[in-house]
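**Student:** quick one, fold the following:
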Amino acid sequence: MRWSVDSTFRNRILAGFLAISVVIAGGATGYWLIGDGRWAWTDCMYMTVITVTTVGFGETLEGMDKVAYARTFTMGLLVFGTGVLVYFASTITAFVVEGELKNVLAAQRLRKRIKKMQDHFIVCGAGSTGRHIIKELLSTERPVVAIDMNEAELKEIAEDHPKANFSYLVGDATDDEILEQCNLSTARGLAAALAEDKDNLYLVVATRQINPTCRIIARVAELSHVDKLKRAGADSVVSPNFIGGMRIVSELVRPSVVRFLDEMLRDKTAAMRIEEVTIGAGSDLEGKSLRDADIRGRFGMNVLAVKIGDKWTYNPGAEHVVRAATVLVVIGTADQVKQLTKAAAA
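**Tutor:** Below you'll find the model as predicted:
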């Protein structure tokens, strides 16, 4: 269980603690002054505590009945001190109950949202790799369910994307119960981005059993494990170390291309991305040439490449005819891609 102490609760607890401290110190001082120093300070404090807490023990300070105003002071201390003690106790209780209740209600809302999600992406691990995967999916307006042990990391991502379709589960992604809660059977894709290759291998196997059509991309630390992950059912395997090495080479030999791609990804206003759209049978675009489809004029995007089966055509000409199951590689914003995807599926 994790508590998030906001400033209001913190101030209330501090105020209660100060109030009870003032009561005890004031009560002990009052007895000491009334008794004109006949009672030790520790005895005065002890008398104050057993009075405020209404414990009593049947004890009083020696000779208290002969001291003027001692009983009157005690009555006032009982009324005021008990009230302060009750306030302090209620504040602590509210902190525990309300904090726990807030966590329970938030978890319930997340579970309900996840149950309604369809065609979503699941990211297992929100660390150095997974965090970037989640942010990119959210930036391109994809629904995401993230799983990680670090709740603070997940909450920070949620706060950075308040309007995104983002949900998360706190726990071990290799736990079967956690996987069941993320609505895996209806997921479109899963990214296994845990730190250990053996954990990612388990995720690949478990996901493939539950959802045979789910696209699975696994992170790998050791290149020798790539084939194992692919045999287990991963559609693709990515090595951050290998990608990092290739990036360094690109920076050395083609820096302008790298900077172009980086600026495209960083531009939050345009949010330009290179995306893929598959042409469905019977769609408005099927059987048309790229000139007649007028993707540039209708959707504001350029077609960079076309894929039919395993054959690629780069920078296709205007006469290239679009068939069913053709994959168009285009560059555009998230909204433009949505519009083209809708037209391609109609």
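**Student:** so L169 sits in a strand?
**Tutor:** Yes: counting by DSSP: H, G, I helix; E, B strand; the rest coil, L169 is part of a strand.
**Student:** show me what it is bridged to.
**Tutor:** I147 (DSSP bridges).
**Student:** that one: neighbour count?
**Tutor:** L169: 24 surrounding residues under other Cβ atoms under 10 Å. Every C-beta, even on glycine, is put in place using the N, C-alpha and C of the backbone.
**Student:** can I assume it is in contact with I122?
**Tutor:** No: the pair L169 and I122 does not pass the contact test of Cβ atoms under 8 Å, sitting 9.5 Å apart.
**Student:** okay, helices next: where are they in the stretch 101-250 of the chain?
**Tutor:** With DSSP state H, counting those that start in this stretch, the ranges of helices along the stretch 101-250 of the chain come out as 130-139, 151-160, 176-181, 197-210, 226-232, 240-253.
**Student:** show me what the shortest one is packed up against.
**Tutor:** For helix 176-181, the packing partners by 3 or more Cβ pairs under 8 Å, 6 or more residues apart in numbering; DSSP states H and E come out as helix 197-210.
**Student:** which elements pack onto the helix it packs on?
**Tutor:** By 3+ Cβ pairs under 8 Å, 6+ apart, helix 197-210 packs against helix 176-181, strand 189-192, strand 215-219, helix 226-232.
**Student:** what segments of the protein are strands?
**Tutor:** 121-124, 144-148, 166-170, 189-192, 215-219, 236-238, 273-278, 302-308, 311-314, 327-332 (DSSP state E).
**Student:** and the angle from the last one to strand 302-308?
**Tutor:** So that's strand 327-332. 170 degrees (axes from the mean of the first three to the mean of the last three Cα atoms, to 10 degrees).
**Student:** send me strand 327-332 as CSV with only the CA atoms.
**Tutor:** The C-alpha coordinates for strand 327-332 follow below in CSV (Å, rounded to 0.1, in the frame of the first residue of the first chain):
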residue,chain,number,x,y,z
VAL,A,327,0.6,-1.5,-47.0
LEU,A,328,1.2,2.3,-47.5
VAL,A,329,4.1,3.9,-45.7
VAL,A,330,3.2,7.5,-45.2
ILE,A,331,4.4,10.6,-43.3
GLY,A,332,1.8,12.7,-41.5
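**Student:** in that strand, what's buried?
**Tutor:** For strand 327-332, the neighbour count (16 or more other Cβ atoms under 10 Å) marks 328-330, 332 as buried.
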